[in-house]
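Chemist: Build the 3D model from these lines:
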Amino acid sequence: MDVGLVVLLPLGYFRSLTLTVIACSLRALTALRVRSDDSTCNGQRYDAVRTRNGTAVNRYGTGEFPPRVLRRRVRPRSRFLLRSARDIRRPVERNKMITAKNRIPCFTQERLEAISRVLGDTANGLTGSQIGHILENIRVPDVSPDMTKWKRLYNALVEWQNQHQMGNHVILFINKALDPVSYTRDRDSLTWRQRELNLVLSFCGYRVRDDGKVASCEKAATLDDAHRLAGRMKAELERRSCHPEALRFCAAEIVAENCFHAVLEAMKGITSRLRQLSGRSDDGSDLVTACFLGKTPILRINALSSESDKGEQRGFGNLLIGLYGTYRNPTAHEARIEWPMTEQDALDVLTAISLAHRKLDRAVRA
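Modeler: This is a model prediction of the structure:
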């Protein structure tokens, strides 16, 4: 009896120990299976890119790895290591994670259409290839590549906005499109796009800075406010309905409010137009005299059938000679710091140049 107890006690002890070991093993295997599961979280794959702070960049934005994945990074299966040739060829841009603080409200249909019309303008907007490249760079699907430029851009931006309910991608597109490094040989296009976009963005409380980045500003409520925020000098010239030719030659200087060089470039526009109309290569007062003064002027601004018409012709020629002598020659030969030009003087001179262009609109060969 005593021997039986000695034998049975060890057998019962080892049996319970064996069951405990089996239970612990099963528990450990279950934990390993959970940790080594596919790299998914709430139905979204996070196997695109991993960074030091644990952020993942996918097709439409950024997310965070679950804490359990961050605690222990298990090497994924081999099929998850395969990436498309497109992803390998072009690195993925790592943008900051969108939070409640940097989330930009959606743009209205009218404002988004106005932005698209500026960037997709036929004459001064982006090319079709540029639009496609920027959309691909910011990871916004090009849903209608066969449509006209502004409609193609509008459809892509509005589709992304409807899906994600934010306007961050619109600001990102503008930042890419107006990067100054892309305009080293075409500054006029940058000036035009910046000017026109500022008129539209001012209604949203934004503006494009000189470095090509969108920044917050005072929100415009009326069209006059928009012109004022886009540029005080330009707004005043547009209020005066200045001739387009008077502004075409000095658009960049007006945006920068560089009064001295704005007047100089505008006077060069007068010279250029007189040469085109007359076919001569003279300059300054000699060119004006050949065009409008003398016994046989090349151009006439009226019928020259009466003394009043002839007086108007002589007066217009003398007006141009006065503009050359008073403003073109000093700005061309004097230093800017030694010959100051106030904003009010520049506005008045540009208005006079606008009048000259309107007279030249009806000039014909005599």
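Chemist: The closest residue in space to Glu245 that isn't next to it in sequence: neighbour count?
Modeler: Excluding its sequence neighbours, the residue lying closest to Glu245 (C-beta to C-beta, 6 or more residues apart in numbering) is His357, at 4.6 Å. Just so you know, the C-beta spots here come from the backbone N, C-alpha and C atoms, and that holds for glycine as well. Here the count is done by other C-beta atoms under 10 Å, and His357 has 19 residues near it.
Chemist: Tell me who's in contact with His357.
Modeler: Counting by C-beta atoms under 8 Å, 6 or more residues apart in numbering, His357 touches His243, Glu245, Ala246, Gly269, Ile270, Arg273.
Chemist: Same list, those residues, but as TSV with neighbour count, pLDDT and secondary structure please.
Modeler: Shown next, in TSV, are the contacts of His357 (neighbours: other C-beta atoms under 10 Å; pLDDT from 0 to 100; DSSP: H, G, I helix; E, B strand; the rest coil):
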residue	neighbour count	pLDDT	secondary structure
His243	21	93	coil
Glu245	19	92	helix
Ala246	22	91	helix
Gly269	19	93	helix
Ile270	22	93	helix
Arg273	17	94	helix
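Chemist: which one of those sits closest to Asn318?
Modeler: Ile270 (14.2 Å; C-beta to C-beta).
Chemist: Surely the closest one and Ile321 touch.
Modeler: No. Shown here, Ile270 and Ile321 do not form a contact pair, counting by C-beta atoms under 8 Å, at 11.2 Å.
Chemist: can you give me the strands for the stretch 151-300 of the chain?
Modeler: Along the stretch 151-300 of the chain, the stretches classed as strands by DSSP state E, counting those that start in this stretch are 206-208, 214-216, 299-300.
Chemist: Buried deepest among these, which one?
Modeler: Of all the strands of the stretch 151-300 of the chain, strand 206-208 has the most neighbours on average by mean count of other C-beta atoms under 10 Å, namely a mean of 21.
Chemist: can you give me the mean pLDDT across that strand?
Modeler: If you average the pLDDT over strand 206-208, you get 91.
Chemist: likewise stretch 180-190?
Modeler: Here the average pLDDT along stretch 180-190 is 90.
Chemist: buried residues in that stretch?
Modeler: For stretch 180-190, the neighbour count (16 or more other C-beta atoms under 10 Å) marks Tyr183, Ser189, Leu190 as buried.
Chemist: What of stretch 158-176?
Modeler: 158, 160-161, 164, 166-176.
Chemist: Please identify which two of those are farthest apart in space.
Modeler: Among the buried residues of stretch 158-176, Val158 and Asn175 lie farthest apart (C-beta to C-beta), at 18.7 Å.
Chemist: Just list the residues touching the closest residue to Leu287 other than its chain neighbours, thanks.
Modeler: Nearest non-adjacent residue to Leu287, counting by C-beta to C-beta, 6+ apart: Leu274, 5.4 Å away. Residues near Leu274 by C-beta under 8 Å, 6+ apart: Arg280, Leu287, Val288, Cys291, Leu360.
Chemist: how long is stretch 201-215 end to end?
Modeler: Stretch 201-215 has an end-to-end distance of 10 Å (C-alpha to C-alpha, to the nearest Å).
Chemist: Revised request: answer the last question for stretch 115-127.
Modeler: By C-alpha to C-alpha, one end of stretch 115-127 lies 15 Å from the other end.
Chemist: Now that stretch: average pLDDT?
Modeler: 94.
Chemist: contact partners of it?
Modeler: Taking C-beta under 8 Å, 6+ apart as the rule, stretch 115-127 contacts 107, 131, 134, 148-154, 157, 170, 173-174, 177, 189, 192-193, 196-197, 200-201.
Chemist: Show me which of the residues you listed are buried.
Modeler: Using 16+ other C-beta under 10 Å as the threshold, 107, 131, 134, 149-150, 152-154, 157, 170, 173-174, 177, 189, 192-193, 196-197, 200-201 are the buried ones among the contacts of stretch 115-127.
Chemist: residues in contact with the closest residue to Met147 other than its chain neighbours?
Modeler: Spatial nearest neighbour of Met147, excluding adjacent residues (C-beta to C-beta, 6+ apart): Asn155 at 6.8 Å. Going by C-beta under 8 Å, 6+ apart, Asn155 touches Val143, Ser144, Met147.
Chemist: got it, and Phe203?
Modeler: Arg111, Lys219, Ala220, Ala221, Ala226.
Chemist: Now for these: which two are most distant?
Modeler: Top of the distance list for the contacts of Phe203 (C-beta to C-beta): Arg111 and Ala221, 13.6 Å.
Chemist: between those two, who's got more neighbours?
Modeler: Arg111 (16 against 10).
Chemist: Pull out the buried residues from the helix or strand hosting that one.
Modeler: Under the criterion of DSSP states H and E, Arg111 resides in helix 109-119. Neighbour counts over helix 109-119 (16+ other C-beta under 10 Å) mark Arg111, Leu112, Glu113, Ala114, Ile115, Ser116, Arg117, Val118, Leu119 as buried.
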